[in-house]
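In: got a sequence here, can you model it:
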Amino acid sequence: GDHGHHEHSHHHHGHHEHGHHHRGHHEHGDHEHGDHEHGDHEHGDHGHDHGEHTHVDEGHDHPHGRHEHSHGHDEAHQGDRQRKDDQGNEHIHGSYHPHDPHRHHDSHHNNHLHYTHPHHPRNQDNMMRATCELAPNTAGSSPFTISGNITISQQKGGEGPVYFDLDIGGFDNSQETTTLYGFHIHENAVTNGDCGTAGGHFNPHGTVHGGPTDDIRHTGDLGNIRVPTDGHLTGYLIVDHAVAFTGEDKVVGKSIVVHALEDDLGTGGDAGSAATGNAGARLACCNIYSTVESAFRFNG
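Out: This next block holds a predicted model:
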């Protein structure tokens, strides 16, 4: 209908970083398509842009902040706000597209959807799940004792993003407001808790290191986790499109490593930046195992 068409074209227009993908449709769509056809066209071709820009939640405590934050047009679209929230809730599933290793620019971080929210992946049925039990590096001399659970999930059938749901703690950030730590999938399973045995970043395509939203990145490049002053993350979500449960980007059988320093996302201009993001020592790690739903989380 009229409302849906208005909302979708507005939705694309608002994304600065992806504007070049949609500008043509936004400016010329009304001339080339009738309302109905235009709406279908937008929805079909660009459905992955609806609600998967979950990183824009950063700094908002409410689950619907991503829309207000990502558009500069909300005053002009008051009537859309409720509709957009409903849309956003639905689209948090990210069920529009099958996995595509080249759709890296859709990978986003730090969705503050509360873990009790019905659309948080831990409350979803019909998910494939894997788990990683983070433990301190047995070969390291870290001042931190970082541990906890990371649950990895994706809709059965492989549609939509892969979610990393973090319940971890043990960081000491008492001197800073927030601290960023490199967080990557590495190419090998870890032996005897020695994070050095994880090898390099998981990089089946042989590319240079980048950030999670970069088109050119390692599959394992999940960027940084942002840890608050209390040193704990609960229900912290990383949402990624490069990793997968099947195929060459499959993460089961690999490892996750938490690093001592911030990953510069490949922008440092030196060899270390292009390889590892200069994220430093390995504080903690774990191996990724597939799980069955019944063994997933105990709410006791």
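In: which stretches in the stretch 151-300 of the chain count as strands?
Out: 162-169, 178-186, 221-228, 232-240, 255-259, 282-287, 289-291 (DSSP state E, counting those that start in this stretch).
In: possible to save these as JSON lines with distance to residue 151?
Out: Yep, even glycine has a C-beta here, placed from its N, CA and C like the rest. Below are the strands of the stretch 151-300 of the chain laid out as JSON lines (distance: least, CB to CB, whole Å):
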{"stretch": "strand 162-169", "distance to residue 151": "4"}
{"stretch": "strand 178-186", "distance to residue 151": "14"}
{"stretch": "strand 221-228", "distance to residue 151": "14"}
{"stretch": "strand 232-240", "distance to residue 151": "10"}
{"stretch": "strand 255-259", "distance to residue 151": "11"}
{"stretch": "strand 282-287", "distance to residue 151": "11"}
{"stretch": "strand 289-291", "distance to residue 151": "8"}
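In: for those strands, which one sits closest to residue 215?
Out: Set against residue 215 and scored by CB to CB, those come closest in strand 221-228, at 11.5 Å.
In: how many other residues sit next to the closest residue to residue 123 other than its chain neighbours?
Out: Nearest residue to residue 123, sequence neighbours excluded (CB to CB, 6 or more residues apart in numbering): residue 117, at 7.1 Å. Per other CB atoms under 10 Å, the neighbour tally for residue 117 reads 14.
In: right, and the strands of the stretch 151-300 of the chain - which one's nearest residue 122?
Out: Short answer: strand 162-169, nearest of those by CB to CB, at 5.6 Å.
In: buried residues of the closest one, list them for me.
Out: Counting neighbours by 16 or more other CB atoms under 10 Å, one finds that the buried residues in strand 162-169 are 162-169.
In: ditto for stretch 138-149
Out: 140, 142, 144, 146, 148.
In: is it true that the third one touches residue 174?
Out: It stands for residue 144. No: contact criterion CB atoms under 8 Å: residue 144 and residue 174 do not qualify, at 11.5 Å.
In: what's the pLDDT at residue 86?
Out: Per-residue pLDDT puts residue 86 at 38.
In: same check on residue 173?
Out: Looking at residue 173, its pLDDT stands at 78.
In: quick one, what contacts it?
Out: By CB atoms under 8 Å, 6 or more residues apart in numbering, the residues touching residue 173 are 179, 227-231.
In: hmm, try it at 7 Å
Out: Residues near residue 173 by CB atoms under 7 Å, 6 or more residues apart in numbering: 179, 227-229, 231.
In: can you list the domains in the chain?
Out: As assigned by automatic domain parsing, the chain contains the domains 2-91, 104-295.
In: among the ones you listed, which gets the worst mean confidence?
Out: In terms of average pLDDT, domain 2-91 trails the rest of these, at a mean of 38.
In: so what's residue 255 bridging to?
Out: Beta-bridge partners for residue 255, by DSSP bridges, are residue 186, residue 287.
In: test my guess that it contacts residue 190.
Out: Yes: counting by CB atoms under 7 Å, residue 255 touches residue 190, with 4.7 Å between them.
In: which neighbours do the two have in common?
Out: The contact sets of residue 255 and residue 190 overlap at 198, 285, 287 (CB under 7 Å, 6+ apart).
In: report how many residues lie close to residue 182.
Out: For residue 182, the neighbour count with other CB under 10 Å is 27.
In: and the spatially closest residue to residue 192 that is not a sequence neighbour, what element?
Out: Once flanking residues are discounted, residue 192 sits nearest to residue 138: 6.2 Å by CB to CB, 6+ apart. Under DSSP states H and E, no helix or strand contains residue 138.
In: ok, now which ones touch residue 138?
Out: Applying CB under 7 Å, 6+ apart to residue 138 gives the contacts 192-194.
In: filter those residues to the buried ones?
Out: residue 193.
In: can you tell me which of the contacts of residue 138 lies closest to residue 208?
Out: residue 194 (26.4 Å).
In: in the sheet, who's paired with the closest one?
Out: With DSSP bridges as the rule, residue 194 is bridged to residue 191.
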